[in-house]
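Q: With the sequence up front, the predicted model follows.
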Amino acid sequence: MIPMSSHRMPSTTRDRLLRALREIVGAEAVVSAPDELRVYDCDALTTCHRSMPDLAVLPSSTEQVAAIVRLCRHEGVPFLPRGAGTGLSGGAIPSQGGVLIVLTRMDRILDIDVANRTATLEAGCVNLALTRAVTPYGLFYAPDPASQQVSTLGGNLAENAGGPHSLKHGVTTNHVLGATIVLPSGDVVRVGGRIADRPGYDLTGVFVGSEGTLGICTEVTVRLMPLPQAVKTILAVFRNLDEASNAVSSIIARGIIPVALEMIDQETVKAVEAYVKAGYPVDAEAVLLIELEGLSVEIEAEAPAVEAACREHRCLNVQVARTEEERALLWKGRKSAAGAFGRFTQNYYHQDAVVPRTKLPAVLREIAAIGARTGLLISNVFHAGDGNIHPLVCYDARVPGQFERALAAGDEIMRVCIQAGGTVSGEHGIGLEKREYLRLMYDEADLAAMRRVQRIFDPTGECNPGKVLPEDEDRKGEAP
Amino acid sequence: MTAVWSTVLANRLGADRVLVGGACARYRLGNLVPAMVASPTDEAEVADVLATAARDGLGVVPWGGGTHQSFGRPPARYDLALDLGRLNRVLLYEPADMTITVQAGIRLADLARRLGESGQFLPLDPPLAPAATLGGVLATNLSGPLRCGYGTARDLVLGVRVVGADGTITKAGARVVKNATAYDLSKLYVGAYGTLGVVLEVSLRLYPLPPSERGWWLTGADLACCQEAAGRVLAGSHLTPIRLELLDAEAARACGCQGARPALLVSVAGVPEAIREQERSLAAQAGEVGGVIGPLERPEEAWALVRDFPWRSAPPFAGTQRVLWRGAVLPSDCAKAMAAIRGAATGAEMSMAATVSHGVLRGAFSGAAAEALATSVARARRALSALGGYLVVADAPEAVRARLDVWGPPPDGIALMQELRRAFDPRGILNPGRFLDGI
């Protein structure tokens, strides 16, 4: 487990804050009882120590968030935002205590502009709720993280969330046009917006993916996309991972960009079949789930080309979903992979590196070798189209030494991926746990540039402290 | 001092890489000619030049293809033009990854040629694209008709390598197509007009060249009718245009369209069956608004003219002075904005076009008197402002520039932007005074 600092604010400060917070948001919107605070002691990252906030507060307006932030600044206590708490990198864990600002009550959709294909909503609005609200207009919101049924747009923005369909449509940063941000000073600033290319630095671009360390987003304006005329989902079964990986490159080399291109390895197929019976063949070493989207005539022309690319790489079988039910079933297998492993193994450690697509076969072989060396089961179910792999290292925390071995295996995998020209995270973010890995990618000068930006937004370092950037080597030992 | 600096630079880069005196005239900005021009050939030399410049507080103007140096105010100090045209190599190209890493001084035409050999392309087509360098396109964040289908530089840039104002080299982002690894600083350099650092290398996302593309013009009663058609194409049909441009009558004529009517130019790409279906759908949409469509003759030529409007392909006006501008409103307001400008800027001849999918406008004013032109710009700016938009002057004679602010009112967040500038370039050596107030 990664150790947490245990400093807590003095009780007199806490009492004073409690009174002031109640004044800002009303007594019922402040959480102070320890047993009620416990639900806020972690997010979906399970390999970290839990840590409770001193207080949690559920504001219902930008003005309230600004007042809370000003109060925290005045008292010199740390504060951090939280959406649905589905983050996989610990970004919403109050590792240094302080005030947790929970945005789930700010879930209104403020505006849907069909003609201009935009929506403006509060940060606590749930991803899928947005898509449901705009479906009647023939529109959808493209980024679709696995958590989309519960995760909030504010959280998606903070993590620059992706999803299976980001291969064609891009990730959150490609769809956020602007945001209202409460800066760590308590000032409110509106960045970007619906009008294109306003002169000035791209503050929106820097803020997206900043994991709640540059301020608290309270409203988001996003781009919506027209629903496609047709969708076709194809399952291709391969003898081995190499051939499946090569088929991925071959599909794309034909000029086809599927909307999703997911790879599922044999261990995952077995786990999934035992869990939801999606109809995946359990004897295959790799399964590709390929989805095409567009005009009917277009995907009718593309599907045979996809099939040919798979056959070229000796695929054993190709299955096309004929009905919406069949399509949903094929996706159910993919989407329930992590849940299936929850039944299959005591614990798992989920990674999120990205490698250049052509390096996939080599990287997957290395990962298999790491699994063999450490004696841990490492499964792979991931976004093959964009090279975003999600190795799942299975372990049993009750067995002494297994957790450490799992972390060490994770560490080795990370090094292999970065060596191959990849990055630490594709869509989960850095948060609490992967900070030190940044040094594998970025040298001190690169990190210094990031720190420079962080200090402009948050000069006192109280906005979600201890996240994203590794500790500054030059400042180690200085008073915090 | 110039003699000292030029000797220092010549010692470092070689005498043939440093120009002084009359040879610098090609790098003129308005009335200003730099004292020196340095043409480094690798990143260490760029770093050296900037470290030297920072030490003495020189004003440095990074220079790519020079196609859009007319943007911005005149530099407050212009000691050195830093010509990056020799940093033009392809560093890493793996077609199967559909990514490429190149030096920023590469010209778009050269990049396109290289990518075309592998059936791929970079969908960035700003005005005067062939001669523009990638670095210059990023600095200005200019886009062209292809924006409709593919977005802008900020969607295509995966990572950058940058020399800071103190000569320190840093990188941001990576060369993979998906990345959530700490702050995405590559976004900061796009559209920063070179004020936060000099971009050396860029990793980009590429696309496959479509199997085929076809274009049409659509005309109707007036601009509003074309706008209505565009709205139907974008929402309410299954058309997936990769280019969608709204042109007023003058712009349509300048771009070689038949007749003297406003037009909507549309282009779709894909397999032939899909193109035929989209043509039928487009004709139906046109019919709904009382318009007609016709095929674009010589589409490549037509799109190049539209792309370069109003830079290269402005209509022949009588006026002797010309102002080029760029702006934006909501996509659905393009025709309204163009009509509002025509109503407001009565003192000039004009023509306008819009990338209607994104509400990005561009146009030219022409007239004899600087005073009247400046007034036209001010009125057009007010008209766009009333629609929530803005207007930026892209090019204008000195006499007109003297009478207006090319950028217009500062955006929200200007205080943060000013702090970023101070933190990244404390001595203000990069393009000093050219961008927004205090930047």
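A: Structure received. Bear in mind the structure is a predicted one, so any value in this text is a computation, not a measurement.
Q: Measure how buried the residue of chain A found nearest chain B is and give me the count.
A: Closest residue of chain A to chain B, C-beta to the nearest C-beta: A:Gly205 (2.8 Å). Every residue, glycine included, has its C-beta placed from N, CA and C. When neighbours are defined as other C-beta atoms under 10 Å in any protein chain shown, A:Gly205 has 23 of them.
Q: for it, what are its contacts?
A: Listed by C-beta atoms under 8 Å, 6 or more residues apart in numbering or on different chains, the contact set of A:Gly205 reads A:173, B:154, B:184, B:187-188, B:190.
Q: out of those residues, who's nearest B:Asn141?
A: B:Val190 (5.3 Å; C-beta to C-beta).
Q: I'd like to know how far that closest one sits from chain A.
A: As defined by C-beta to the nearest C-beta, to the nearest Å, B:Val190 lies at a distance of 6 Å from chain A.
Q: Can you give me the neighbour number for that residue?
A: By other C-beta under 10 Å, 23 other residues sit near B:Val190.
Q: Show me the domain layout of chain B.
A: B:2-83, B:90-208, B:213-303, B:321-401 (automatic domain parsing).
Q: give the contact list for the residue of chain B found nearest chain A.
A: Across chain B, the shortest distance to chain A (C-beta to the nearest C-beta) belongs to B:Lys187, at 2.8 Å. Applying C-beta under 8 Å, 6+ apart, we find B:Lys187 in contact with A:173, A:202, A:204-206, B:154, B:157.
Q: and with 10 Å instead?
A: With contacts defined as C-beta atoms under 10 Å, 6 or more residues apart in numbering or on different chains, the neighbours of B:Lys187 are A:173, A:201-209, B:153-154, B:157, B:160, B:172-173.
Q: what's the closest of those to B:Glu273?
A: B:Glu273 has its nearest neighbour among the contacts of B:Lys187 in B:Ala153, at 32.3 Å by C-beta to C-beta.
Q: gap between that closest one and A:Ile24?
A: 42 Å (C-beta to C-beta, to the nearest Å).
Q: Which one of the two is surrounded by more residues?
A: For B:Ala153 versus A:Ile24, the count of surrounding residues by other C-beta under 10 Å is larger for B:Ala153: 25 against 18.
Q: Return the per-residue confidence for that one.
A: We note a pLDDT of 95 for B:Ala153 in this prediction.
Q: Verify the stated contact: it with B:Leu146.
A: No - using C-beta atoms under 10 Å, B:Ala153 is not in contact with B:Leu146; the gap is 11.4 Å.
Q: Narrow the contacts of A:Gly205 to those in strands?
A: Using DSSP state E, no member of these falls within strands.
Q: Can you show me the helices along the stretch 101-250 of chain B?
A: B:108-116, B:134-140, B:147-150, B:153-156, B:186-189, B:223-234, B:249-254 (DSSP state H, counting those that start in this stretch).
Q: Ok, the stretch 151-300 of chain A next?
A: In the stretch 151-300 of chain A, the segments counted as helices under DSSP H, counting those that start in this stretch are A:153-159, A:166-169, A:203-207, A:241-253, A:266-275, A:296-312.
Q: what about those helices, which gets the closest to B:Leu373?
A: Here helix A:203-207 is closest among these (C-beta to C-beta), at 32.7 Å.
Q: Distance to A:Leu295 added to the helices of the stretch 101-250 of chain B, as JSON lines?
A: Converted to JSON lines, the helices of the stretch 101-250 of chain B look like this (distance: least, C-beta to C-beta, whole Å):
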{"stretch": "helix B:108-116", "distance to A:Leu295": "26"}
{"stretch": "helix B:134-140", "distance to A:Leu295": "31"}
{"stretch": "helix B:147-150", "distance to A:Leu295": "14"}
{"stretch": "helix B:153-156", "distance to A:Leu295": "22"}
{"stretch": "helix B:186-189", "distance to A:Leu295": "32"}
{"stretch": "helix B:223-234", "distance to A:Leu295": "14"}
{"stretch": "helix B:249-254", "distance to A:Leu295": "28"}
